[in-house]
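What follows is a predicted structure for the sequence shown.
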Amino acid sequence: MTADALRARAARLREEIEQHNHRYYVLDDPLITDAEFDRLFRELQDLEAAHPDFVTADSPTQRVGGIPAAEFSQAAHRQPMLSLNNAFDEVEVEAFDRRIREALGIDVVEYAVEPKFDGLAISLVYEGGVLVRGATRGDGYTGEEVTANLRTVRSIPLHLPAGAPDVVEVRGEVLMLRADFEQLNRKQQEQDGKLFANPRNAAAGSLRQLDSRITAGRKLTFYAYGLGFAEGLQQFKKHNQVIDFFKKNKFLVAPECAVVQGLPGLLEYYQRIGSARDGLPYDIDGVVYKVNSLAAQQQLGFVSRAPRFAVAHKFPAEEASSVVLGIDIQVGRTGALTPVARLQPVFVGGVNVTNATLHNEDEVRRKDVHVGDTVVVRRAGDVIPEVVRVSVPGPRRAEDCFEMPVLCPVCDSQVVRSEDEAIARCSGGLYCSAQRKQALLHFASRRAMDIEGLGERLVDQLVDLDLVRTPADLYTLNEQRLAGLERMAEKSAANITAAISKSRNTTLARLIYSLGIRNVGESTARDLAAHFGTLEALSQAGLESLQQVSDVGPVIAESVAQFFAEPHNREVIDGLQSAGVHYEPIAPRPVATGAAVGRIFVLTGTLPLLTRDDAKARIEAAGGRVTGSVSKKTDFVVAGAEAGSKLEKALALGLTILDEQGLLDLLEKKE
């Protein structure tokens, strides 16, 4: 055969093999035997081995894995992969539906509904119909690039049919089916390997292998459920049309996906899926409700890290009983003292549980928990196990009663408790090694400074040997000092020092978050960074200035001001700067001085020109705040077409109503 004929044969084999993969892994309807499939696959392998230039990125032979990667690179999402807010009972679902109806001004909402997979959220990017990048969700803004591993997942199309969009991002979940999980654990047991606790852990461990050949040897499955960005894609009007698009383009979607009408439809679907849960081929921990209209989704928009138009209705947490062997005190990063029940090992929620939180001293008293009691333990999804209640009291001797210590069990500093707090705290600060350890782990975490390899065992040694007292001290470590530690080889020491050095180049938002300021999470850290532009400007901000930042109220402002008022915190920041930690300053937002400063706005209905996000951005840039509900504290209600109950409530309260032009005029007005 000529070279052109061989190339054409390879192309036909690739197409035929992928069709059979689709029939087997997606449709569960194979047309040929395994032996026949293997013959076709070997023929393609032989052709590509003889002619390496025939190999394409979307060839089925690329599913077997390749040379191990040194590490995963970062992958920034063009559109954030946001998490969902949760609802745990019918009352919360009713509230969700009511908010949607009021915001849209309609009586009955059409919802797209689907099971909530217990797996890993994944983004797949196709360009010209070919899979070019696969990434984990990560922190929602940046994930890990795991394309080589995702190419081994047989239910993921390596290329889309002719006529596919120019660029499209498909989002979904990678998981391990229950049958495949059981088969994997049997294989692990036969080989004296580590057994996985549950399918989710098995899927996560398999997907994050640096050697994609290991991933290829484990059966993972991908279910599509949403679109990210798209170029050259037909305009869909409803979410269920997106699901149909996935089906037509050879993606696997949950057969339980449906469309329902209003609150009764949501609750009926929840009951139906809950009843069928044990018989499903995969683990789920709830169901997801999404407003079906894509235009309505855009109108509803987002709040912080979650969309307003969707919610996850979680199934009740799994519970089990165990005996309390003791009650220990755990000292957290902020000095919080948390009572933790030591339990007889019990299997609950897919894992073996030996410890469960009791939250605080008041909760121990309210639940009347003593050492020796038999208690009910609950764990839902990734939530920390907690003691729910006492089921059988124990002997209840005097020594079995819990008492909060007056001195920190780690550093002997005084334990203090504010009148307005339920939490007792160690007053030792960075003097307390427990707080130092937690502060360092937080500083090095993936969403903060992202120092890979700096885990609990190493941090314990660094603090216990007094090698590191503050985060700034990490940058004084060298390979020689690390290599002398227990279980630390030269290569590991080199990798960690390289990771520490790499972390010197960061962003202002990550740096703020890494400092561990009380009440300041990732979202608030990003808002503070965008508002002030530099750490110096943030450190000098007063309470009034801090509260001009979106979603920063008196509590957060007080936490930030107190943090920067502490001399030892200033010393740590100076030490970080001296060690070469730096970021690109952000052009700070100009200080607003107009009539909108400090005023509270509520948006309702559809404005003629501005989208809701545009209007919110303009209000916040002018120093105002946008909230979701009307109250006596609301200063202005901006009403557009089809404004609903919010407008009615505003009129009843006698609030000032603005149309779009009135809003624009107010934003231009100077005090």
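It's in.

Checking residue 377 next. Helix, strand or coil?
Three-state assignment for residue 377 (DSSP: H, G, I helix; E, B strand; the rest coil): strand.

what are the bridge partners for it, then?
Listed by DSSP bridges, the beta-bridge partners for residue 377 are residue 320, residue 387.

same deal with residue 416?
Applying DSSP bridges, one finds that residue 416 bridges with residue 425.

okay, now it: neighbour count?
Other residues within reach of residue 416, judged by other CB atoms under 10 Å, total 13. From N, CA and C alone the C-beta is placed, and that goes for glycine too.

Looking at per-residue confidence, what score does it get?
Note on residue 416: pLDDT of 84.

Quick check: it touching residue 423?
No. Using CB atoms under 8 Å, residue 416 is not in contact with residue 423; the gap is 10.2 Å.

Any regions of the stretch 51-200 of the chain where pLDDT drops low?
57-58, 62-71 (pLDDT under 70).

Please, where are all the strands along it?
74-76, 86-87, 110-117, 120-127, 130-136, 142-144, 167-175 (DSSP state E, counting those that start in this stretch).

Dump the ones you listed to CSV, plus mean neighbour count and distance to residue 293.
Output for the strands of the stretch 51-200 of the chain, formatted as CSV (neighbours: other CB atoms under 10 Å; distance: least, CB to CB, whole Å):
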stretch, mean neighbour count, distance to residue 293
strand 74-76, 14, 29
strand 86-87, 19, 20
strand 110-117, 23, 7
strand 120-127, 22, 23
strand 130-136, 20, 28
strand 142-144, 20, 29
strand 167-175, 23, 19
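
closest to residue 570 out of those?
Smallest distance to residue 570 across these (CB to CB): 29.2 Å, for strand 142-144.

just to revisit the earlier point, would you mind giving the strands of the stretch 51-200 of the chain as a markdown table with distance to residue 289 added?
Shown next, in a markdown table, are the strands of the stretch 51-200 of the chain (distance: least, CB to CB, whole Å):
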| stretch | distance to residue 289 |
| --- | --- |
| strand 74-76 | 29 |
| strand 86-87 | 8 |
| strand 110-117 | 5 |
| strand 120-127 | 17 |
| strand 130-136 | 25 |
| strand 142-144 | 25 |
| strand 167-175 | 17 |
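
Of all those, which one comes closest to residue 629?
Closest among the strands of the stretch 51-200 of the chain, using CB to CB: strand 86-87, at 17.4 Å.

Just list what that closest one packs against, helices and strands only.
helix 90-104, strand 310-314 (3 or more CB pairs under 8 Å, 6 or more residues apart in numbering; DSSP states H and E).

Can you show me the CA trace of the last one as CSV?
The C-alpha coordinates for strand 310-314 follow below in CSV (Å, rounded to 0.1, in the frame of the first residue of the first chain):
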residue,chain,number,x,y,z
ALA,A,310,-29.1,26.7,40.9
VAL,A,311,-28.9,24.8,44.1
ALA,A,312,-27.9,21.4,45.3
HIS,A,313,-30.5,19.6,47.4
LYS,A,314,-28.5,17.2,49.5
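
Parallel or antiparallel, list what pairs with it.
strand 86-87 (parallel), strand 284-291 (antiparallel).

Let me know which of the helices and strands packed on strand 86-87 is tucked in deepest.
Ranked by mean neighbour count, these are led by strand 310-314 with a mean of 22 (mean count of other CB atoms under 10 Å).

What is the neighbour count of residue 275?
Using other CB under 10 Å: residue 275 sits among 9 other residues.

what residues are up against it?
By CB atoms under 8 Å, 6 or more residues apart in numbering, no residues touch residue 275.

Let me know the helix or strand that it is in.
helix 262-276 (DSSP states H and E).

Return the distance of that helix from the chain's centre.
26 Å (CA atoms, centre = their mean, to the nearest Å).

Quick one: work out the angle between that helix and helix 90-104.
140 degrees (axes from the mean of the first three to the mean of the last three CA atoms, to 10 degrees).

Wait, residue 185 touches residue 197, no?
No. With contact defined as CB under 8 Å, residue 185 does not reach residue 197; the gap is 9.6 Å.

Just checking, which helix or strand succeeds the helix or strand hosting residue 341 along the chain?
Assessed by DSSP H and E, residue 341 sits inside strand 336-348. Using DSSP H and E, the helix or strand that follows strand 336-348 towards the C-terminus is strand 351-357.

helices or strands up against that next one?
For strand 351-357, the elements it packs on are strand 336-348, strand 374-379, strand 386-392, judged by 3+ CB pairs under 8 Å, 6+ apart.

any idea how far residue 46 is from residue 644?
66 Å (CB to CB, to the nearest Å).

And for residue 596?
70 Å.

got it, and residue 140?
Residue 140 is 44 Å from residue 46, by CB to CB.

C-alpha coordinates for stretch 32-45, CSV please?
Once non-C-alpha atoms are left out, stretch 32-45 reads as follows in CSV (Å, rounded to 0.1, in the frame of the first residue of the first chain):
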residue,chain,number,x,y,z
ILE,A,32,-18.3,-6.4,18.1
THR,A,33,-16.5,-8.7,20.5
ASP,A,34,-13.5,-7.7,22.6
ALA,A,35,-11.3,-9.9,20.4
GLU,A,36,-12.4,-8.0,17.3
PHE,A,37,-11.9,-4.7,19.0
ASP,A,38,-8.4,-5.7,20.1
ARG,A,39,-7.5,-6.7,16.5
LEU,A,40,-8.5,-3.3,15.2
PHE,A,41,-6.6,-1.6,18.0
ARG,A,42,-3.4,-3.6,17.4
GLU,A,43,-3.6,-2.9,13.7
LEU,A,44,-3.7,0.9,14.4
GLN,A,45,-0.9,0.6,16.9
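
Average pLDDT for that stretch, rounded please.
On average, stretch 32-45 scores 77.

Is residue 527 part of a helix or strand, or is it coil?
Classification of residue 527 by three-state DSSP places it in helix.

check contacts around it.
549-552.

if we go to 6 Å?
549-550 (CB atoms under 6 Å, 6 or more residues apart in numbering).

Tell me, what's the model's pLDDT at it?
At residue 527, pLDDT is 86.

How about residue 431?
Residue 431 is given a pLDDT of 69.

Please apply the same query to the one 4 residues further on.
On the pLDDT scale, residue 435 is placed at 85.

Over to residue 558?
With respect to pLDDT, residue 558 has a value of 86.

same check, this time on the one 5 residues further on
The per-residue pLDDT reported for residue 563 equals 85.

Could you do residue 25 as well?
61.

what's the single longest helix in the chain?
Across the chain, the longest stretch assigned as helix under DSSP state H is helix 3-21.

most tightly surrounded among the helices and strands packed on strand 351-357?
Mean neighbour counts for those (mean count of other CB under 10 Å) peak at strand 374-379, with a mean of 21.

Next, the angle strand 351-357 makes with it.
110 degrees.

got the angle for strand 374-379 vs strand 336-348?
90 degrees.

tell me what strand 374-379 is packed against?
strand 318-331, strand 386-392 (3 or more CB pairs under 6 Å, 6 or more residues apart in numbering; DSSP states H and E).

Could you measure from residue 22 over to residue 118?
25 Å.

Of the two, which one has the most company?
Counted by other CB under 10 Å, residue 22 and residue 118 do not tie: residue 118 has more neighbours, with 20 against 17.

Serialize the helices and strands packed on strand 374-379 to JSON lines and add fields for mean pLDDT and distance to residue 257.
Shown next, in JSON lines, are the helices and strands packed on strand 374-379 (pLDDT from 0 to 100; distance: least, CB to CB, whole Å):
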{"stretch": "strand 318-331", "mean pLDDT": "93", "distance to residue 257": "25"}
{"stretch": "strand 386-392", "mean pLDDT": "93", "distance to residue 257": "33"}
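
Between these, which one is closest to residue 485.
Comparing these by CB to CB, strand 318-331 comes nearest, at 23.3 Å.

quick one, the closest one and strand 336-348 angle?
Going by the same axes, to 10 degrees, strand 318-331 makes 150 degrees with strand 336-348.

I'd like to know how far the spatially closest residue to residue 490 that is not a sequence neighbour sits from residue 516.
Excluding the flanking residues, the one nearest residue 490 by CB to CB, 6 or more residues apart in numbering is residue 483, at 5.1 Å. Applying CB to CB, the value for residue 483 to residue 516 is 29 Å.

Cool, thanks, signing off.
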